[in-house]
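> I would like the atomic coordinates for the input below:
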Amino acid sequence: MTFAADLLAIVALFTVLAPTLALPSSYTLSDSKISATFDASGELTALNTPGAPSVVAAQAAGGGAAGVWSASFVGAGTGTATLSSKTATCAGATVTTGGSSALTFAWTGCAVRTPSAPSPSPAPAPGANVSWVEHVQSSCSGQCLSIHSSGPDSGHCDRMPGCGHDAKLPYCVADAMKARCLNASGCTAFNTNGYLYSGGGAVAFDEYPLSCWTSGPPPGPPQLVDVTLDVALVDGLLEYTITFASDGKLSLWDYTLALSGVTAGAKAKATEVVFSNAARQMLGIVDSSGADGAVYFAAHDPAHIVKTCSANAAAGTMSCMMLALDATKPLHSYKAAFPIVITALAPKSDWWDISQVYRKWVLPNAHWTALGPLDKRIADGALPAWLPNVTLWVNNNWGGDPLGPNYGGDPEYVEREMLAFNKVLDLGYGSLGLHWYAEAKRGEAIGMTV
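All right, here's what the predicted structure looks like:
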């Protein structure tokens with residue numbers, strides 16, 4: 001056979017076999033410090049230091065409660081629509097490998113349906129011939145009708161008796177709900193939990209199977225969003241960077257990156273959460289018994305933008321929710337300004353070890369620490385020499401005095417009170433510092449020491 005014939009034979013064989021080839025079900029990144037295994041949805045299924053047990057366990061089908069990412073979008077209508085890596089309906093999803101140190105998870109053409117605007121047309125007349133639109137995995141966003149139902153667990157809104165998730169009964173039949181809605185004044189929508197609604201549209205809902213039915217023409221096509229999650233392994237740290245892209249008809253409002261299935265300390269029932277009120281973007285879950293390792297989860301954000309980070313030891317979850325910068329601008333391409341960083345620590349690690357991982361990053365990188373230690377900055381003249389001698393800092397109660405009239409930040413009043421306070425404490429000169437919460441007057445500096 002000629003080379004060309006051999007090549008054609010190989011191509012033909014591949015063509016026959018290709019439909020049966022399956023994509024990998026797991027992907028592993030590793031270096032000398034940690035090993036991390038992911039499933040095709042981006043969820044961590046194993047994470048460990050060399051020779052130690054994993055501090056993360058694979059979740060049930062579909063991953064954690066919200067998936068590795070979730071995001072809220074706003075459109076031309078009202079309210080938000082939320083997607084997650086677990087619930088999004090996307091045209092495609094791919095995983096690209098970069099050796100043992102990088103992975104890229106991509107979700108393309110993910111449908112976003114924000115609440116419609118303007119408000120729906122008036123409620124149809126009883127008995128009218130009405131077209132209905134079903135919104136799967138959604139609830140209704142209007143005002144639920146306030147007639148009290150006599151069924152169990154009925155709440156204070158009208159609900160079809162004898163059916164519905166809230167009543168721990170089978171879901172309500174759509175045809176029966178349509179008839180009930182058409183005979184209720186002001187009803188424009190209903191859900192299969194049995195509730196009737198006036199106004200509004202449909203909003204995403206994923207706590208359990210649920211549909212919202214709205215009267216009127218079907219909504220237009222959804223907006224589409226592409227989501228890319230890059231994971232890089234750098235010196236024992238997993239760095240997650242997320243990017244969102246669309247055609248400018250939506251805005252990104254906020255986004256969350258999460259880790260589920262943390263098992264550190266679960267067997268010994270000795271799981272503890274590490275959280276810093278000072279950093280507010282650093283988390284840890286440790287095993288106080290020392291048998292398991294620990295998990296570090298933090299936003300390595302040098303600007304410390306607004307975010308909410310939390311961990312739940314019992315549920316084994318860790319997450320940070322970030323408000324998008326320029327959230328009201330049309331979304332074309334938005335790349336997170338900083339990564340979420342995850343790693344495993346060896347058995348017997350505790351809160352101190354968690355803090356040292358954060359400290360190693362924060363000292364040279366964050367805006368508030370990159371200028372150097374306080375003693376060096378004082379020696380260089382960048383900070384006043386009296387600063388380290390202050391024994392006590394107080395504030396002026398935001399300008400109010402609970403024991404007397406409100407003088408605000410009047411300099412004469414504040415100075416008099418602070419001098420009297422310092423005399424009572426007998427701290428001496430230069431030992432009492434004041435956080436002066438007031439506007440400056442006539443160019444006066446805000447702050448004093450006495």
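
> how much space between the closest residue to residue 160 other than its chain neighbours and residue 215?
In space, residue 160 comes closest to residue 194 once its chain neighbours are excluded; the distance is 3.7 Å by Cβ to Cβ, 6 or more residues apart in numbering. C-beta coordinates here come from the backbone N, C-alpha and C atoms, glycine included. Note on residue 194: its distance to residue 215, by Cβ to Cβ, to the nearest Å, is 17 Å.

> Between those two, which is the more surrounded one?
The neighbour comparison of residue 194 against residue 215 (other Cβ atoms under 10 Å) goes to residue 194, with 27 against 21.

> List the contacts of the more buried one.
By Cβ atoms under 8 Å, 6 or more residues apart in numbering, the contact set of residue 194 is 149, 151, 159-161, 163-164, 166-167, 172, 177.

> Drop anything exposed from these.
Buried residues within the contacts of residue 194, defined by neighbour count using 16 or more other Cβ atoms under 10 Å: 149, 151, 159-160, 163-164, 166-167, 172, 177.

> Going by distance to residue 222, which of those residues wins?
Of all the buried ones among the contacts of residue 194, residue 177 has the smallest distance to residue 222: 24.4 Å, by Cβ to Cβ.

> Only alpha carbons, please: show the helix or strand containing the closest one as PDB.
Element membership of residue 177 [criterion: DSSP states H and E] is helix 174-182. Output for helix 174-182, consisting of C-alpha atoms alone and laid out as PDB, is shown next (Å, rounded to 0.1, in the frame of the first residue of the first chain):
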ATOM      1  CA  ALA A 174     -51.900  22.800  34.200                       C
ATOM      2  CA  ASP A 175     -55.400  22.600  32.600                       C
ATOM      3  CA  ALA A 176     -57.100  22.800  36.000                       C
ATOM      4  CA  MET A 177     -54.900  25.800  37.000                       C
ATOM      5  CA  LYS A 178     -55.700  27.600  33.700                       C
ATOM      6  CA  ALA A 179     -59.400  27.300  34.400                       C
ATOM      7  CA  ARG A 180     -58.900  28.400  38.000                       C
ATOM      8  CA  CYS A 181     -56.800  31.400  36.900                       C
ATOM      9  CA  LEU A 182     -59.400  32.500  34.300                       C
END
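
> Sketch out the low-pLDDT regions of the stretch 51-200 of the chain for me.
Low-confidence segments of the stretch 51-200 of the chain, defined by pLDDT under 70, span residues 60-66, 76-79, 115-129, 147-156.

> could you pull out the strands for it?
For the stretch 51-200 of the chain, the strands defined by DSSP state E, counting those that start in this stretch occupy 69-74, 80-84, 92-97, 102-112, 132-136, 138-140, 143-144, 189-191, 196-198.

> Perfect, that will be all.
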